[in-house]
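Novice: Take a look and give me a structure for this.
(chains A and B)
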Amino acid sequence: MDSNRKLSDAAGPDLSVRIGRLKLKNPVMTASGTFGYGEEYAPFVDLNRLGAVIVKGLSLEPRPGNPPPRIMETPAGMLNAVGLQNIGVRAFIAEKLPFLRQYDTAVVANIFGETLEEYRRLAGILNDTEGVSAVEVNISCPNVKKGGIAFGARPELAAEVTRAVRGETALPVIVKLTPNVTDITEIALAVEEAGADALSLINTMTGMSVDIEKRRPRLANITGGLSGPAIRPIALRMVWQAVRAVKIPVIGIGGIATASDALEFLIAGATAIQVGTANFVSPSCTMEILEGIGRYLDRHGISGIAELIGSLDTSPEGKGEGDGDV
Amino acid sequence: MMGKETSLMTGTIIENRLAAPDHFLVSVRLPEAFPAPLPGQFVMVREAGRTAPLLARPLSVLGFTQNPGHGVLELLYRVVGEGTSLLSRLKPGDGISVMGPLGRGFAPPEGVEQVLFVAGGVGVAPLAYLLHGGLMTSETGRNLRKAFYLGARSAELLTCLDKLRDSCELGICTDDGSRGYCGSVTDLLARDIGGYEPKKTLIYACGPTPMIRSLKALLKGRPIPCQVSLEERMACGLGACLGCAVAIRRRGSGQGIEYKRVCKDGPVFDLEEVIP
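Specialist: From the prediction side, this is the model:
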């Protein structure tokens, strides 16, 4: 892609990627809701080495979240109905952002609201906040009874939210899509047209679990969002579909636990990836994923990750080589 | 009480034996650098190298000894599902991944003369560690009167008796009367409660939710401070995912509740603020 890029043995492959105006030093980001506000993982992760930290979703006012039980393990995954508990955007800025700003990692503020006005106000506040590199717009959380699920399921509503946020901030706007739709490309196109700088997908898929002895739902909320390796093939398919539909960068999320998983998404066309549930399984997995991507590029003599992104060969003859082991 | 920084290490099973029906006592050899847990703290464990089931399991620390060159961690657990079932099949020499120490442990007894321990079932583990830990073996600790109330459904389900017998007054009860007092541990405590002076007494408790409910009811109108260790399903164990949050009465004026994390804000809470 870049004929001026040098092969630099000392530095290793170039892992930097661009999400609109935002340049990340590598494509490994942590997913909202799985990494707190960063501090919790400091014993296990060198926050300086991450491409970006996406903080727990922020609302205008603090939210208590749902009553327990909030989580349930499932085969190769888990359900969560945490209910978007958060300290509110102002408390985040005052109490949590200063810690993150100490590190050389992009801080992305994930936001959600129940009305367009809330989204606008959040975007406006964060636009004026130093230390925030981008905004990720949650239009897809399936745990809240109003707001989230409605916006993300219909292209015209998704576009409305995007426009509302776009109008209030010059920061890169990433819109996070829900998979609980019939056609993800419809939503993707509507959001792109409405001015998003990038898309991130997928959020969790709505699921359920029952305690057969008590004959009660395992979650107080009855349904919850399914995440983890179980959803990875669905996430990958949707990322691939979205990449082919839009021109803006697509960030891949969904069950990524290893470098090999991350590479599948990058090859399918994701510009960057987010790691979520895997952080609960192995708190330093983001570092292992980062190192694994580097080793893969070295092994294949690829000097820059841009060469790999979207290099999926879907031709009938298929000229691919190697076994893809990292 | 917050201890040293948490870490993730792989240890080796020394012993993993049946302590009672469905209850196992496991001892794990850990690297010397593993921080000594404080009483009331817990660890997240899984078989080393496995990612199925997905999540590690939170277990209270029963014991920990620091030896030259290594540490020995002891845990007591009940087999309740897939994770604990797999754990029970680990053999001496097998690798076990341990993340910890985690959580806020028990706070020291200050300004009291009598300490009561109220344990139901597998809740005996953190209280046994507390009994033998620094809080109780310090100079002030040794002068305290200590009474341990231990309950289980039946005699065969009583565990850790050897750890308790010589260190305190021990009151045993079983739901079916097969050993000791016939009734719940809170029934047994109710018999004695009038004899404890509220201003000079502190209770440490750990057990199933019905026990905590009964304890709360028993202490209504009796201002005896009580620290209780809770449990909840966990994913991250670090305070990031908010999956293990429980309802806690908001301090200060007005009613209202907030959700606090058992893994980070707890597992030890004041019984007064808990809504079981």
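Novice: State the number of residues packed around residue B:194.
Specialist: Per other C-beta atoms under 10 Å in any protein chain shown, the neighbour tally for residue B:194 reads 8. For every residue, glycine as well, the C-beta is placed using N, CA and C.
Novice: Quick check: it vs chain A, distance?
Specialist: Residue B:194 sits 35 Å away from chain A, going by C-beta to the nearest C-beta, to the nearest Å.
Novice: ok, residue A:24 touching residue A:272?
Specialist: Yes: at 6.2 Å, residue A:24 counts as touching residue A:272 under the criterion of C-beta atoms under 8 Å.
Novice: Which residue of those two possesses the greater neighbour count?
Specialist: residue A:272 (28 against 23).
Novice: For that one, grab phi and psi.
Specialist: phi -150, psi 170 (degrees, to the nearest 10).
Novice: same thing with residue A:110?
Specialist: phi -90, psi 130.
Novice: Point out where the chain drops to low pLDDT.
Specialist: Using chain A here. Counting by pLDDT under 70, chain A shows low-confidence ranges at A:1-11, A:141-150, A:319-326.
Novice: should've been chain B
Specialist: Checking chain B against pLDDT under 70 turns up B:1-4, B:253-254.
Novice: ok, longest strand in it?
Specialist: Longest strand in chain B by number of residues (criterion: DSSP state E): strand B:7-20.
Novice: related to what we said a few turns ago, okay, and the common contacts of residue A:24 and residue A:272?
Specialist: A:17, A:51-52 (C-beta atoms under 8 Å, 6 or more residues apart in numbering or on different chains).
Novice: Tell me the one of the residues you listed nearest chain B?
Specialist: residue A:52 (16.0 Å; C-beta to the nearest C-beta).
Novice: how many neighbours does that closest one have?
Specialist: Residue A:52 is flanked by 24 other residues according to other C-beta under 10 Å.
Novice: what does the stretch 201-326 of chain A put close to chain B?
Specialist: Residues of the stretch 201-326 of chain A lying near chain B by C-beta under 8 Å from any C-beta of the partner chain: A:228-229, A:257, A:277, A:279-284.
Novice: Count the neighbours of residue B:143 for me.
Specialist: Residue B:143, neighbours per other C-beta under 10 Å, totals 8.
Novice: Residue B:216 against residue B:276, yeah?
Specialist: Yes: between residue B:216 and residue B:276 there is a contact under C-beta under 8 Å: 6.3 Å.
Novice: Closest to residue B:236 out of the shared contacts of residue A:24 and residue A:272?
Specialist: residue A:52 (19.1 Å; C-beta to C-beta).
Novice: For the residue lying closest to residue B:51 once chain neighbours are set aside, which residues are in contact?
Specialist: Leaving aside its sequence neighbours, residue B:51 sits nearest to residue A:281 (C-beta to C-beta, 6 or more residues apart in numbering or on different chains; 5.6 Å). Shown in contact with residue A:281 (C-beta under 8 Å, 6+ apart): A:257, B:51, B:54-56.
Novice: Check residue B:118 too.
Specialist: Neighbours of residue B:118 in contact, by C-beta under 8 Å, 6+ apart: B:127, B:149, B:185-186, B:189, B:203-207, B:211, B:215.
Novice: Mind checking which of those residues are in helices?
Specialist: B:127, B:185-186, B:189, B:211, B:215 (DSSP state H).
Novice: and those residues, which two are the farthest apart?
Specialist: Among the ones in helices among the contacts of residue B:118, B:127 and B:186 lie farthest apart (C-beta to C-beta), at 14.8 Å.
Novice: hey, where'd the strands end up in the stretch 151-276 of chain B?
Specialist: Here the stretch 151-276 of chain B has its strands, by DSSP state E, counting those that start in this stretch, at B:169-174, B:181-182, B:201-206, B:226-229, B:245-249, B:257-261, B:268-270.
Novice: For the third one, which helices and strands make contact with it?
Specialist: Using 3 or more C-beta pairs under 8 Å, 6 or more residues apart in numbering or on different chains; DSSP states H and E as the contact test, the elements touching strand B:201-206 are strand B:114-120, helix B:124-132, helix B:209-218, strand B:226-229.
Novice: and the residue positioned nearest the centre of chain B, what does it touch?
Specialist: Nearest to the mean C-alpha position of chain B, by C-alpha atoms, centre = their mean, lies residue B:126 at 2.9 Å. Going by C-beta under 8 Å, 6+ apart, residue B:126 touches B:39-40, B:42, B:60-62, B:106, B:206, B:229.
Novice: export those to JSON lines and tack on neighbour count and secondary structure?
Specialist: Output for the contacts of residue B:126, formatted as JSON lines (neighbours: other C-beta atoms under 10 Å in any protein chain shown; DSSP: H, G, I helix; E, B strand; the rest coil):
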{"residue": "B:39", "neighbour count": "27", "secondary structure": "coil"}
{"residue": "B:40", "neighbour count": "28", "secondary structure": "coil"}
{"residue": "B:42", "neighbour count": "28", "secondary structure": "strand"}
{"residue": "B:60", "neighbour count": "27", "secondary structure": "strand"}
{"residue": "B:61", "neighbour count": "28", "secondary structure": "strand"}
{"residue": "B:62", "neighbour count": "25", "secondary structure": "strand"}
{"residue": "B:106", "neighbour count": "24", "secondary structure": "coil"}
{"residue": "B:206", "neighbour count": "29", "secondary structure": "strand"}
{"residue": "B:229", "neighbour count": "29", "secondary structure": "strand"}
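Novice: thinking again about what came up before, wait, does the longest strand of chain B contact chain A?
Specialist: Yes: using C-beta under 8 Å from any C-beta, strand B:7-20 reaches chain A at B:7-8.
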